[in-house]
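Asker: generate coordinates for the sequence data below:
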Amino acid sequence: MTDCCNATRSTNTPPRKFPCPVNHKEYSGVSATTILHHIKRPWDWDNKSQSYYFCDDPDCDVVYFGQDNSVITRQALRTPVGKKEQADTSLICYCFGINLRDAKTNRTLKEFVIHQTANHACACTVRNPSGRCCLKDFPALQPGCDH
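Answerer: Okay, the predicted model is just below:
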């Protein structure tokens, strides 16, 4: 009789987070579909059967990396990654073209994105380099910032 409580379960579930091979910090997964939509030459990409992750550290040149430590850097992408650029003109909402400056000064923009998200009118999984919704990237607005 086997002891089910002590049996080691074998799962092929990839880790939710994985360390970047350059800065060694852990980051969340991203789909291969997202990567395909952001790299300059998707036809040259060797999409291996593994999990991929998105590095958002502005000080790290890596944007995407695989469990095998393969990397895709900023230079291989078609557009700048707003979270890495950290400029006022950096996009934070790729679906609707909202940059950081506009989001800081116009609180109605976040409400607009919330409404569009609720109506399933966004395409974050392919438009946003992180593959995730941008709402958490909106800055906290100071009271009185109602432009």
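Asker: mind splitting this structure into its structural domains?
Answerer: With domains defined by automatic domain parsing, the chain comprises 16-78, 86-147.
Asker: with mean pLDDT as added columns, please give those in JSON lines.
Answerer: Shown next, in JSON lines, are the domains of the chain (pLDDT from 0 to 100):
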{"stretch": "domain 16-78", "mean pLDDT": "97"}
{"stretch": "domain 86-147", "mean pLDDT": "88"}
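Asker: make JSON lines out of the ones you listed and add mean neighbour count.
Answerer: For the C-beta atoms, the positions are set from N, CA and C on the backbone; glycine is no exception. As requested, the domains of the chain are exported to JSON lines (neighbours: other CB atoms under 10 Å):
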{"stretch": "domain 16-78", "mean neighbour count": "16"}
{"stretch": "domain 86-147", "mean neighbour count": "15"}
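Asker: my guess is D137 meets V81, correct?
Answerer: No - the pair D137 / V81 is not scored as a contact, 11.2 Å apart, by CB atoms under 8 Å.
Asker: excluding residues flanking it in the chain, which one is nearest the most centrally placed residue in the chain?
Answerer: Residue closest to the mean C-alpha point of the chain, counted by CA atoms, centre = their mean, is S130 at 1.2 Å. Spatial nearest neighbour of S130, chain neighbours left out: F54 (4.9 Å); criterion: CB to CB, 6 or more residues apart in numbering.
Asker: what do you get for N69?
Answerer: Nearest non-adjacent residue to N69 (CB to CB, 6+ apart): P21, at 4.1 Å.
Asker: spit out the contact partners of the one you found.
Answerer: P21 is in contact with V62, F65, N69, V71, counting by CB atoms under 8 Å, 6 or more residues apart in numbering.
Asker: max pairwise distance over these: which two?
Answerer: Using CB to CB, the contacts of P21 span at most 10.1 Å, a distance reached by V62 and N69.
Asker: next, T108: secondary structure please.
Answerer: Three-state assignment for T108 (DSSP: H, G, I helix; E, B strand; the rest coil): helix.
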